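Engineer: What follows is a predicted protein model with its sequence.
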Amino acid sequence: MSDAKAPLRPKRKMQLVDFLIQFRWILVIFFVLPFSFLYYFSIYLGDVKSERKSYEQRQKEHDENVKEVVKRLGERDASKDGLVCTGRPPWVVVGMRNVDYKRARHFEVDLSKFRNILEIDKERMIARVEPLVNMGQISRVTVPMNLSLAVLAELDDLTVGGLINGFGIEGSSHIFGLFSDTVVSLEVVLADGRVVRATKDNEYSDLFYAIPWSQGTLGLLVSAEIKLIPVKEYVRLTYKPVTGNLKELAQAYADTFAPRDGDQDNPSKVPEMVEGMIYSPTEGVMMTGRYASKQEAKQRGNVINNYGWWFKPWFYQHAQTALKRGEFVEYIPTRDYYHRHTRSLYWEGKLILPFGDQFWFRFLLGWLMPPKIALLKATQSEAIRNYYHDHHVIQDLLVPLYKVGDCLEWVHREMEVYPIWLCPHRIYKLPVKPMIYPEPGFEAHRRQGDTEYAQMYTDIGVYYVPGAVLRGEPFDGAEKCRQLELWLIENHGFQAQYAVTELTEKNFWRMFDNTLYEQCRKKYKAIGTFMSAYYKSKKGRKTEKEVQEAEQEKAEQETPEVDE
Ligand SMILES: NC(=O)C1=CN([C@@H]2O[C@H](COP(=O)(O)OP(=O)(O)OC[C@H]3O[C@@H](n4cnc5c(N)ncnc54)[C@H](OP(=O)(O)O)[C@@H]3O)[C@@H](O)[C@H]2O)C=CC1
Ligand SMILES: C=C(/C=C/[C@@H](C)[C@H]1CC[C@H]2C3=CC=C4C[C@@H](O)CC[C@]4(C)[C@H]3CC[C@]12C)C(C)C
């Protein structure tokens, strides 16, 4: 249809919030960035202080702190205090939810002292860490030892506790699964004050499988043992441009890491890291990586990109150059590779600081980047917060690999958001059915990427301003989010819970399976002590009355059956 014949699209009236977004950079440059720097620096000093203590000392402090958690839980008077959650303030957490349950009546348990790496066991290849250890902190310690968490989520601020009780993913998840799949044991304080260690094959194995995605509603995690893998100093990264329609881009993406002959466990056919970026409905760049030694990286003719330098171009833009240059290869220091999206907050940094990607800014102030998410949230005002719900999209959609093309088409039609992030991950077939699980009978189809024991999924990361909003047209973020969630339910997909949800309780439990979760809620006496996972996800301010009603309703519906 020619432009002349195209129906006139209604325009949205400019509102005050549009100006707040447009000029947010002023607050960010003069306030958020300097304070972020100080904030990061103080955290760094804390990490250094922690690292100077011996493992024995850290363990001793850990044991004392666990006792305090137990004591604090014991102080709760169920008849008058609210339900329990961690003491992390709503603005500090990385996610996009309003976390309104922490603005209503609740009973806080302070876990802020749990920020130590308790042990790096090179023999067992395990890191034992406390829940507030973050990704930046752990990679700083392990990478110089040529070790890494098997799945190292890339934003520095993400915490072990949040990634286990929520979800975590990285470019190695097509091999190792989600962050929680790499966990070996969990030390949990239960509602009745018992401290238990749950593993996949001990008496608490049900709890072990129920905790991922439960959002801290089964118990308080006080430490975790997580699998380590050997790594090398560099990552040899190949950037491959692809063109075609969205289905063709999805197929090209699958072909980068899922051999068509089904040989998914063959390391010579499957790269160690994978990610895809879709820049438009017809263009994408697929990146595959392998660990490489310093010796290999420094060989003549190889290009080394020390990506950690503050003045380097933002990663998603650097990758995009492959569309013009053609396929290229470079060696990136391993830690720089892990945190490649941190400085630009994927591409969300572009909206917050429109000139943050410019050469002059990167050189002058790039070292102050990124603005700390906590400070962005603390200064964003209700209007900006609502803008991100109504006129913006920040969602991660976990969909079966063979449905990526369909999902991309849906997102294009309904949201038109670019770039889009693609990251494959396994969902394992387990002895029990946790909150997320593969499609029943997936093994029979032998689809690309699947094995007998796991179905290949993909995290489709949709972050940025939708096309309609960029053109000044109306966009109903809440309605689109609702439609997207229904699409996911119909297609056996899952939505990352750090994002805003419009799901009703019934639909929430259509998306996630609650059988094991509810069994554990009863068995471990979480009902009446911890909130429900849906209640934590539910959007909207929770008034005192609502909280009381929800508690009452739960207490009546789910009188704990003691299941010893
Ligand atoms: N690459 C990736 O994988 C990325 C992941 N994310 C998302 O960000 C979230 C992590 O953000 P982060 O700020 O670290 O975590 P949060 O503090 O937001 O925690 C997430 C949930 O886990 C619960 N939780 C956290 N620690 C504990 C604990 N020790 N015991 C019991 N429950 C706990 C919280 O409970 P409570 O509500 O009581 O505080 C909360 O419901 C993840 O859920 C993840 O999905 C975001 C970006 C990238
Ligand atoms: C889940 C993944 C990556 C997600 C990121 C793109 C988003 C995670 C948290 C997001 C943000 C949190 C809070 C913000 C404050 C607002 O005032 C501005 C936006 C933002 C900075 C927002 C930006 C996107 C996130 C960083 C993956 C990779 C699985």
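Structural biologist: Everything's here; your move. Ligands and ions are numbered 1, 2, ... in the order given.
Engineer: any weak-confidence spans in this structure?
Structural biologist: 1-9, 540-564 (pLDDT under 70).
Engineer: let's go with 50 and repeat that
Structural biologist: The chain contains residues with pLDDT under 50 at 1-4, 559-564.
Engineer: Residue numbers of it in contact with ligand 1?
Structural biologist: 85-86, 88, 93-95, 111, 131, 153-155, 158-159, 161-163, 165-169, 215-216, 220-221, 496, 498, 536 (CB under 6 Å from any ligand atom). Bear in mind the C-beta positions are built from the backbone N, C-alpha and C, glycine included.
Engineer: quick one: which of those residues sit in strands?
Structural biologist: 85-86, 220-221 (DSSP state E).
Engineer: Contacts only, for Met435.
Structural biologist: By CB atoms under 8 Å, 6 or more residues apart in numbering, Met435 lies in contact with 210, 212-214, 512-514, 516-517, 533.
Engineer: if I look at the one residue in the stretch 451-564 of the chain that gets nearest to ligand 1, how far off is Thr504?
Structural biologist: Closest residue of the stretch 451-564 of the chain to ligand 1, CB to the nearest ligand atom: Tyr498 (3.7 Å). Noted for Tyr498: a distance of 19 Å to Thr504, by CB to CB, to the nearest Å.
Engineer: Tell me which of those two has more neighbours.
Structural biologist: For the pair Tyr498 and Thr504, the greater number of neighbours falls to Tyr498 (22 against 13), based on other CB atoms under 10 Å.
Engineer: ok so, going back, would you confirm that the residue of the stretch 451-564 of the chain closest to ligand 1 contacts Gly95?
Structural biologist: Yes. With contact defined as CB atoms under 8 Å, Tyr498 and Gly95 form a contacting pair (3.2 Å).
Engineer: Spit out the residues that contact the two alike.
Structural biologist: With CB under 8 Å, 6+ apart, Tyr498 and Gly95 have common neighbours 162, 166.
Engineer: What does the nearest residue to Thr515 once chain neighbours are set aside show for phi and psi?
Structural biologist: Here the nearest residue to Thr515 in space, its sequence neighbours aside, is Lys433; by CB to CB, 6 or more residues apart in numbering that works out to 5.9 Å. In terms of degrees, to the nearest 10, the main-chain angles of Lys433 are phi -110, psi 100.
Engineer: residues touching Lys433, list them.
Structural biologist: 513, 515-516.
Engineer: Filter those residues down to just the ones in strands.
Structural biologist: Using DSSP E, none of those sit in strands.
Engineer: Show me the helices in the stretch 201-350 of the chain, by range?
Structural biologist: Under the criterion DSSP state H, counting those that start in this stretch, helices of the stretch 201-350 of the chain are mapped to 205-210, 246-257, 294-297, 315-320, 322-325, 334-338, 349-352.
Engineer: and the first one, what other elements does it pack with?
Structural biologist: Same thing as helix 205-210. strand 183-189, strand 195-199, helix 515-523 (3 or more CB pairs under 8 Å, 6 or more residues apart in numbering; DSSP states H and E).
Engineer: Please identify which of these is closest to Glu64.
Structural biologist: strand 195-199 (12.8 Å; CB to CB).
Engineer: got a list of contacts for that closest one?
Structural biologist: Against strand 195-199 from outside (CB under 8 Å, 6+ apart): 66, 70, 184-190, 204-205, 207-208, 211, 222.
Engineer: Check stretch 492-501 too.
Structural biologist: By CB under 8 Å, 6+ apart, stretch 492-501 touches 94-98, 162, 166-167, 213, 215, 389, 394-400, 403, 407, 436, 439, 459, 481, 484-485, 487-488, 503, 508, 511-512, 533, 537-539.
Engineer: try it again with 7 Å
Structural biologist: 94-97, 166-167, 213, 215, 389, 394-400, 436, 439, 481, 485, 488, 511-512, 537, 539 (CB atoms under 7 Å, 6 or more residues apart in numbering).
Engineer: filter those residues to the buried ones?
Structural biologist: Neighbour counting with 16 or more other CB atoms under 10 Å marks 94-97, 166-167, 213, 215, 389, 394-400, 436, 439, 481, 485, 488, 511-512, 537 as buried within these.
Engineer: Pull out whichever of these are also neighbours of ligand 2.
Structural biologist: 94-96, 394, 396.
Engineer: got the contact list for the most centrally placed residue in the chain?
Structural biologist: For the chain, Gly168 is the residue whose C-alpha lies nearest the centre (CA atoms, centre = their mean; 4.5 Å). Counting by CB under 7 Å, 6+ apart, Gly168 makes contact with 151, 153, 158, 178-179.
Engineer: Over to Gly326?
Structural biologist: Gly326 neighbours (CB under 7 Å, 6+ apart): Pro241.
Engineer: same check, this time on Leu237
Structural biologist: 287, 289, 329-330, 332, 337.
Engineer: do Thr142 as well
Structural biologist: 120, 127, 148, 228.
Engineer: how near is it to Arg340?
Structural biologist: With CB to CB as the criterion, Thr142 and Arg340 are 17 Å apart.
Engineer: And Ile373, by the same measure?
Structural biologist: Applying CB to CB, the value for Ile373 to Arg340 is 17 Å.
Engineer: neighbour count winner among these two?
Structural biologist: Arg340 (25 against 21).
Engineer: Name the nearest residue to the more buried one, ignoring sequence neighbours.
Structural biologist: Per CB to CB, 6+ apart, closest to Arg340 is Phe315, 4.3 Å.
Engineer: Select from the contacts of Leu237 the one having the most neighbours.
Structural biologist: Result: Tyr337 is most packed of these (other CB under 10 Å), 26 neighbours.
Engineer: what residues are up against it?
Structural biologist: By CB under 7 Å, 6+ apart, the neighbours of Tyr337 are 235, 237, 289, 307.
Engineer: can you check Lys247 too?
Structural biologist: Gly405.
Engineer: ok, Glu154 - contacts?
Structural biologist: By CB under 7 Å, 6+ apart, Glu154 lies in contact with 170, 338-342.
Engineer: Closest one to Pro267 out of the residues you listed, please.
Structural biologist: Nearest member of those to Pro267, counting by CB to CB, is Glu170, at 17.7 Å.
Engineer: Test my guess that Met96 contacts Gln395.
Structural biologist: No. Using CB atoms under 7 Å, Met96 is not in contact with Gln395; the gap is 8.6 Å.
Engineer: Can you pick out the most distant pair from the contacts of Leu237?
Structural biologist: Val329 and Tyr337 (13.3 Å).
Engineer: what helix or strand is Leu397 on?
Structural biologist: strand 393-400 (DSSP states H and E).
Engineer: just how off-centre is that strand within its chain?
Structural biologist: Its chain's average C-alpha position is 11 Å from that of strand 393-400, according to CA atoms, centre = their mean, to the nearest Å.
Engineer: Return the list of strands paired to that strand, each annotated with direction.
Structural biologist: strand 454-464 (antiparallel), strand 494-495 (antiparallel) (DSSP bridges).
Engineer: Format those strands as TSV; extra columns: distance to His425.
Structural biologist: Putting those into TSV (distance: least, CB to CB, whole Å) gives the following:
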stretch	distance to His425
strand 454-464	5
strand 494-495	11
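Engineer: Now do the phi/psi pair for Leu484.
Structural biologist: phi -60, psi -40.
Engineer: Count the neighbours of it for me.
Structural biologist: 24.
Engineer: what's the answer for Leu351, then?
Structural biologist: 18.
Engineer: start the count at 29, not 1, going forward
Structural biologist: Will do, 29 is the new start, and the previous item becomes Leu379.
Engineer: thought it was touching Val493?
Structural biologist: Yes. Leu379 is within contact range of Val493, at 6.4 Å (criterion: CB under 7 Å).
Engineer: How much space separates Ala178 from ligand 1?
Structural biologist: 13 Å (CB to the nearest ligand atom, to the nearest Å).
Engineer: Apologies, that question was intended for Pro309.
Structural biologist: Taken as CB to the nearest ligand atom, the span from Pro309 to ligand 1 is 25 Å.
Engineer: likewise Ile71?
Structural biologist: For Ile71, the distance to ligand 1 - CB to the nearest ligand atom - is 13 Å.
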